[in-house]
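K.L.:
The following comprises the amino acid sequence and a computationally predicted model.
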Amino acid sequence: DGGITQSPKYLFRKEGQNVTLSCEQNLNHDAMYWYRQDPGQGLRLIYYSQIVNDFQKGDIAEGYSVSREKKESFPLTVTSAQKNPTAFYLCASSSNIATNEKLFFGSGTQLSVL
Amino acid sequence: GQNIDQPTEMTATEGAIVQINCTYQTSGFNGLFWYQQHAGEAPTFLSYNVLDGLEEKGRFSSFLSRSKGYSYLLLKELQMKDSASYLCAVAQAGTALIFGKGTTLSVSS
């Protein structure tokens, strides 16, 4: 089955620690995205990537980093510089950005601070 | 910049009809999406409008007026399982979708 896989489903971070959220897709999509969702809020864009080895900052990129070394993978690192990391993180993909195709979402990762 | 507004919460009863509005201000408009999201789950695609008018898909319909910067999602014959958040998202050419804060719909019996 084609789809997007996020792992882990739940993640705990200690103060001063970097953590990495995994996102893998086998839909052969060019574009991938990371969104953050806080309780009762919509989705806010962290980073997105239109193609391998290229990515752009979204509205709330500070304290986060990404890489896109393979088409299938777009991991997100939450660094110690992100002072309020507790949130639900959603990864998504689309065939390409230029034609504004619909997004397919992973099942999300809930990150909490210990 | 861009701005997307939706009501925060709505309530309705089973079997009723509810309309969820979304207004937006953006440059380079390239269409509007509606997604449904149950608590703790991923959003799922409901509809996409790029031209003015009404798109009907079963119990759900979506309307767009580009000149007014306005869209609505119409849900008919409400069921308990329709209790969820409904997210309006605007597409701009060459960039990622921008989402509104979502409308939480509670359906009661």
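P.N.:
Thanks, I have it. Residues are numbered from 1 along each chain as shown, chains lettered A, B, ... in the order given.
K.L.:
Let me know whether B:Lys57 touches B:Tyr48 as I believe.
P.N.:
No - using Cβ atoms under 8 Å as the test, B:Lys57 is too far from B:Tyr48 to be in contact (10.2 Å). For every residue, glycine as well, the C-beta is placed using N, CA and C.
K.L.:
out of those two, which sits in the busier spot?
P.N.:
B:Tyr48 (17 against 9; other Cβ atoms under 10 Å in any protein chain shown).
K.L.:
how many other residues sit next to B:Gly58?
P.N.:
B:Gly58 - counted by other Cβ under 10 Å - has 7 other residues nearby.
K.L.:
any idea how far it lies from chain A?
P.N.:
17 Å (Cβ to the nearest Cβ, to the nearest Å).
K.L.:
Next, that residue: phi, psi?
P.N.:
Note on B:Gly58: backbone dihedrals following degrees, to the nearest 10 are phi 70, psi -130.
K.L.:
That one: what's it in contact with?
P.N.:
Not one residue lies near B:Gly58 by Cβ atoms under 8 Å, 6 or more residues apart in numbering or on different chains.
K.L.:
Distance check, it against B:Asp82.
P.N.:
According to Cβ to Cβ, to the nearest Å, B:Gly58 and B:Asp82 sit 12 Å apart.
K.L.:
Excluding chain neighbours, give the residue nearest to A:Gln82 in space.
P.N.:
Once flanking residues are discounted, A:Gln82 sits nearest to A:Gly63: 2.8 Å by Cβ to Cβ, 6 or more residues apart in numbering or on different chains.
K.L.:
residues contacting A:Gln82?
P.N.:
So A:Gln82 contacts A:Glu62, A:Gly63, A:Tyr64 (Cβ under 8 Å, 6+ apart).
K.L.:
For A:Thr79, see how far away the first one is.
P.N.:
Summarising the geometry, the distance separating A:Glu62 from A:Thr79, computed by Cβ to Cβ, is 9 Å.
K.L.:
Mind listing the shared neighbours of the two?
P.N.:
With Cβ under 8 Å, 6+ apart, A:Glu62 and A:Thr79 have no common neighbours.
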